[in-house]
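Q: no letters, just coordinates:
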Ligand code: MG
């Protein structure tokens, strides 16, 4: 299939070929197929609107690729507001020299992930720049928030329970392993979290706060919630699930799973009366099979953790960049 050249970004014949042979082949739906200057959508009610850019390297990794990731990331952010994701737009920045067969695989992966997530890709753009065969993707997405849902980081109250949907650090450890050329079995957890959110809402769980545990890790998002809800968060270290191989990998490199990025994990904060049922619902899903209650909301401020040895330590936010180009 060859390589991307500058002409693929120009408005001429080469660009049109890329459109029909790659993007047109994988992305098809009633809105996109009209080929208008903008997608025309009918939306009722409150919407959740999010955008994210994806610069991960390598672009293909165990458990996923940048195509799957750019859909999961934006869809999960919309889901975390209690919304039903509907429409996605995508902007591609391709570097000259990019392998077209690789691009074809990544676009196919995007289309499959979007279909499984029930979202339509309704607008897109491609630019070609000088470079060394890399690519970047921006996705934006819109979801509709059903009546009566109010999910916010500011909703937590003393006594609420924090449930984590699974093991920490898998995506981060997978990308770092690939970057360092370390052979292991660690796979990215890259996944759409809709099965969990749908399960919680259809069971009538009073979901107060949800957050996907991405860049910055659990430590950072819990501090954000503690600040926005003006409360204290208390974690128990031994209750936080971490895959053995990821823990070993993190120990060797001196990394703390509390600050490692994930792409298919979330926390839900629920009232104590709903906690047991919410945990069962999460565990019944494939993406939430390792879910666990990891802590509670209390009066006060900040985030603390009861350690393995029984002491208490302050869990601070992540300072600086843990690992660049993880997502
Ligand atoms: Mg998020």
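A: Okay, I see it. Keep in mind that what you see is a predicted model, and the values were worked out from it rather than measured. Numbering: from 1, shown residues only.
Q: give me the helices and strands touching the biggest strand by length in the chain, please.
A: The single longest strand within the chain, with elements called by DSSP state E, is strand 84-95. Contacts defined by 3 or more CB pairs under 8 Å, 6 or more residues apart in numbering; DSSP states H and E place strand 84-95 against helix 66-79, helix 100-117, strand 120-129, strand 135-144. (Each C-beta comes from the backbone N, C-alpha and C, glycine too.)
Q: now it: mean pLDDT?
A: For strand 84-95, the mean per-residue pLDDT is 98.
Q: how about it, which residues are buried there?
A: Using 16 or more other CB atoms under 10 Å as the test for burial, strand 84-95 gives 84, 85, 86, 87, 88, 89, 90, 91, 92, 93, 94.
Q: residue contacts, the last one?
A: It stands for residue 94. 4, 8, 9, 103, 126, 127, 128, 129, 135 (CB atoms under 8 Å, 6 or more residues apart in numbering).
Q: and the second one, what does it touch?
A: Just to be clear, that refers to residue 8. Counting by CB under 8 Å, 6+ apart, residue 8 touches 14, 15, 18, 94, 126, 128.
Q: go with 7 Å
A: Residues in contact with residue 8 (CB atoms under 7 Å, 6 or more residues apart in numbering) are 14, 15, 18, 128.
Q: wait, doesn't the second one sit right on residue 6?
A: No - with contacts counted by CB atoms under 7 Å, residue 15 stays clear of residue 6, the gap being 10.1 Å.
Q: which one of these two is surrounded by more residues?
A: When residue 15 and residue 6 are compared for neighbours, residue 15 comes out ahead with 14 against 11, by other CB atoms under 10 Å.
Q: Three-state assignment for that one, please.
A: helix (DSSP: H, G, I helix; E, B strand; the rest coil).
Q: tell me how far it lies from residue 31.
A: Counting by CB to CB, to the nearest Å, the gap from residue 15 to residue 31 is 21 Å.
Q: now what about stretch 270-287, what contacts it?
A: 159-161, 163, 165, 191, 193, 195-196, 199-200, 203, 205-208, 264, 268, 288-289, 291, 293.
Q: change it to 8 Å
A: Contacts for stretch 270-287 (CB under 8 Å, 6+ apart): 157, 159-161, 163, 165-166, 191-193, 195-196, 199-200, 203, 205-208, 264, 268, 288-293.
Q: among those, name the buried ones.
A: By 16+ other CB under 10 Å, those give 160-161, 163, 165-166, 191-193, 195-196, 199-200, 205, 207-208, 264, 268, 288, 290-293 as buried.
Q: follow-up on the earlier one: among the buried residues of strand 84-95, which are within reach of the ion?
A: When those are checked against the ion using CB under 5 Å from the ion, none falls in range.
Q: pLDDT averaged over whichever strand or helix holds residue 275, what's the number?
A: Using DSSP states H and E, the element containing residue 275 is helix 272-283. Taken as a whole, helix 272-283 has a mean pLDDT of 98.
Q: which bits of the stretch 101-250 of the chain sit near the ion?
A: residue 212.
Q: just for the stretch 101-250 of the chain, where's the confidence low?
A: Within the stretch 101-250 of the chain, no stretch has pLDDT under 70.
Q: how about it: which residue is closest to the ion?
A: Closest to the ion within the stretch 101-250 of the chain is residue 212: 4.4 Å, counting by CB to the ion.
Q: I'd guessed that residue sits against residue 266; true?
A: Yes - counting by CB atoms under 8 Å, residue 212 touches residue 266, with 4.7 Å between them.
Q: more crowded one of these two?
A: residue 266 (25 against 20).
Q: for residue 106, give me its contacts.
A: Per CB under 8 Å, 6+ apart, neighbours of residue 106: 59, 60, 65, 66, 67, 135.
Q: residues shared between the contacts of residue 212 and residue 266?
A: Common contact partners of residue 212 and residue 266 (CB under 8 Å, 6+ apart): 76, 80, 193.
Q: how many residues are close by the first one?
A: Residues near residue 76, counting by other CB under 10 Å, number 29.
Q: for it, which non-adjacent residue is spatially closest?
A: Closest residue to residue 76 apart from its sequence neighbours, by CB to CB, 6 or more residues apart in numbering: residue 212 at 4.4 Å.
Q: ditto for residue 256
A: Residue 256 sits nearest to residue 250 (CB to CB, 6+ apart), 6.9 Å away.
Q: doesn't that neighbour belong to a helix?
A: Yes - following the definition three-state DSSP, residue 250 is counted among the residues of a helix.
Q: show me the contacts for it.
A: 169, 173, 242, 256, 257, 260.
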